[in-house]
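Participant: Turn this into a model:
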Amino acid sequence: MRLFDDFDADSCIVITDYREFAKRMFAAAKKGLPSWWHGIFRSVEYIDPFRPPKGDLDLFCSKDFRFCYQKEIRFAWIPDREAKNLDHLQLEVGDISDIARFAKL
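Facilitator: Okay, here's the model as predicted:
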């Protein structure tokens, strides 16, 4: 319930088959991005900002540990080479009523 307040929302989409949703997201991205972009889909790692881990930090899938209750999973697309003038990309995944449901407060 706290997520509704955190994101100032009164409804959400609950994905019931995340594997199928990810498959559809990657297929949609493939249609809209050049082949030198590679997608990832993984759980966020929650980091103590006062005791960060040694070594490299995954900038795409790391977040302050005060948000660990969110249990977030992220998609990110990363280019193999420098990409200038980045713009938004709207993905069309089609009807997801077979793998998701709408929830409202």
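Participant: okay, now the closest residue to residue 67 other than its chain neighbours: neighbour count?
Facilitator: Counting by CB to CB, 6 or more residues apart in numbering, the nearest residue to residue 67 once its immediate chain neighbours are dropped is residue 46, at 6.7 Å. (Glycine included, C-beta is placed from N, CA and C.) Using other CB atoms under 10 Å, residue 46 has 16 neighbouring residues.
Participant: So for residue 46, what's the pLDDT?
Facilitator: Per-residue pLDDT puts residue 46 at 95.
Participant: Show residues contacting whichever strand or helix holds it.
Facilitator: Assigned by DSSP states H and E, residue 46 falls within strand 45-47. In this structure, residues lying in contact with strand 45-47 by CB atoms under 8 Å, 6 or more residues apart in numbering are 53, 57, 58, 61, 62, 63, 64, 65, 67, 68.
Participant: same thing with stretch 58-74?
Facilitator: By CB under 8 Å, 6+ apart, stretch 58-74 touches 2-3, 6, 18, 40-49, 76, 78.
Participant: quick one: contacts of the helix or strand bottoming out on mean pLDDT in the chain?
Facilitator: Ranked by mean pLDDT, DSSP states H and E, the helix or strand of the chain with the weakest confidence is helix 2-6, at a mean of 88. Contacts of helix 2-6 with the rest of the structure, by CB under 8 Å, 6+ apart, involve 9, 10, 12, 69, 70, 105.
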